[in-house]
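>>> Give me the fold of what follows.
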Amino acid sequence: MGKEKILVVEDEEKIARVLELELEFEGYSVTKAADGIDGLEAYRTGKWDLILLDVMLPGMSGIDLLRRIRTNDPYTKIIMLTAKGTVEDKVSGLDLGANDYITKPFQIEELLARIRAALRTGKKRDPELDDGLLSFAGLELNEKTREINRDGMSIDLTPREYELLVYLLTNRRQVLTRDQILEKVWGYDFAGDTNVVDVYIRYLRKKVDTAGLPPLIHTVRGVGYVLRESQ
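This is a model prediction of the structure:
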């Protein structure tokens with residue numbers, strides 16, 4: 001079994017070097033990036049089990065980098081490193097999909113424990129090994145056969161409705177903005193036309209959130225949509 005791969009995105013060279021040495025001593029494979037732009041490029045060109053991501057970065061902030069990663073990838077574990085330690089930083093990071101955060105200065109033993117805990121919660125989904133089945137709260141979608149059902153009842157979707165549902169299921173419990181959905185499901189040709197998202201969410205709700213079943217597709221006012229259980 002290969003070493004688990006960790007990407008460290010940290011602009012303070014001394015901290016990055018200490019993290020590299022400590023993580024390699026623990027048996028991890030480590031790559032460093034010194035700013036947000038390099039971090040995004042490293043993320044796109046590699047496969048990572050976990051990312052240590054500083055909040056304050058030159059080029060692109062850690063929050064912006066986190067937002068970009070989570071647009072298409074809800075699986076890679078991400079721990080935010082912040083010097084501020086403010087509630088706002090922590091809430092922003094967790095709301096955007098960070099798995100954990102730790103405030104500088106930190107004890108390396110605590111960081112290592114948080115890394116182990118994050119990696120234990122589940123491995124990154126590998127599309128090549130995936131069985132093609134997406135399921136959530138009684139809703140099932142088979143990507144290989146394109147069959148969809150909820151609580152045993154078959155659901156027929158148009159191709160665009162299908163792609164929208166796949167994106168919602170892949171990012172379940174994560175709030176997605178209209179722009180994120182538009183870019184992923186419709187592409188750049190529809191840039192700015194977020195009304196089409198609202199229309200297709202309405203179509204999808206009529207088929208997925210049928211009478212007698214608790215709704216799964218929820219509106220987050222002023223932001224976008226989320227697939228989650230009813231509260």
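
>>> per the record, what domains does this structure have?
Following automatic domain parsing, one finds the domains of the chain at 5-120, 133-227.

>>> deepest of those, which one?
Highest mean neighbour count of those: domain 5-120, a mean of 17 (counted as mean count of other Cβ atoms under 10 Å). Any C-beta I mention is one placed from the backbone N, CA and C, and that applies to glycine too.

>>> I'd like the domains of the chain as TSV, with mean pLDDT appended.
Below are those laid out as TSV (pLDDT from 0 to 100):
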stretch	mean pLDDT
domain 5-120	88
domain 133-227	88
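
>>> Can you tell me the SS state at the most centrally placed residue in the chain?
Note on the chain: the residue nearest the mean C-alpha position is residue 74, at 2.5 Å, using Cα atoms, centre = their mean. Put simply, residue 74 is coil when judged by DSSP: H, G, I helix; E, B strand; the rest coil.

>>> CA atoms of the one helix or strand residue 197 maps to as PDB?
If you go by DSSP states H and E, residue 197 is part of helix 195-208. Only the C-alpha atoms of helix 195-208 are listed here, as PDB (Å, rounded to 0.1, in the frame of the first residue of the first chain):
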ATOM      1  CA  ASN A 195     -32.300  31.800 -13.900                       C
ATOM      2  CA  VAL A 196     -32.000  28.500 -15.800                       C
ATOM      3  CA  VAL A 197     -30.700  26.900 -12.600                       C
ATOM      4  CA  ASP A 198     -33.900  28.000 -10.700                       C
ATOM      5  CA  VAL A 199     -36.100  26.600 -13.500                       C
ATOM      6  CA  TYR A 200     -34.400  23.200 -13.600                       C
ATOM      7  CA  ILE A 201     -34.400  22.900  -9.800                       C
ATOM      8  CA  ARG A 202     -38.100  23.400 -10.000                       C
ATOM      9  CA  TYR A 203     -38.400  20.700 -12.600                       C
ATOM     10  CA  LEU A 204     -36.300  18.400 -10.500                       C
ATOM     11  CA  ARG A 205     -38.200  19.000  -7.300                       C
ATOM     12  CA  LYS A 206     -41.500  18.000  -9.000                       C
ATOM     13  CA  LYS A 207     -40.000  14.600  -9.800                       C
ATOM     14  CA  VAL A 208     -37.800  13.900  -6.800                       C
END
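
>>> Quick check: what element follows the host helix or strand of residue 14 along the chain?
Secondary structure from DSSP H and E places residue 14 in helix 13-25. Once the chain leaves helix 13-25, the next helix or strand it forms, by DSSP H and E, is strand 29-33.

>>> Put the alpha carbons of the helix holding residue 14 into CSV.
Extracted as CSV, the C-alpha positions of helix 13-25 are listed here (Å, rounded to 0.1, in the frame of the first residue of the first chain):
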residue,chain,number,x,y,z
GLU,A,13,8.7,28.7,4.6
LYS,A,14,9.8,27.8,8.1
ILE,A,15,6.4,26.4,9.0
ALA,A,16,6.1,24.6,5.6
ARG,A,17,9.5,23.0,6.1
VAL,A,18,8.7,21.9,9.7
LEU,A,19,5.4,20.4,8.5
GLU,A,20,7.2,18.6,5.6
LEU,A,21,9.8,17.0,7.9
GLU,A,22,7.3,16.0,10.6
LEU,A,23,4.8,14.5,8.1
GLU,A,24,7.5,12.6,6.2
PHE,A,25,8.8,11.3,9.5
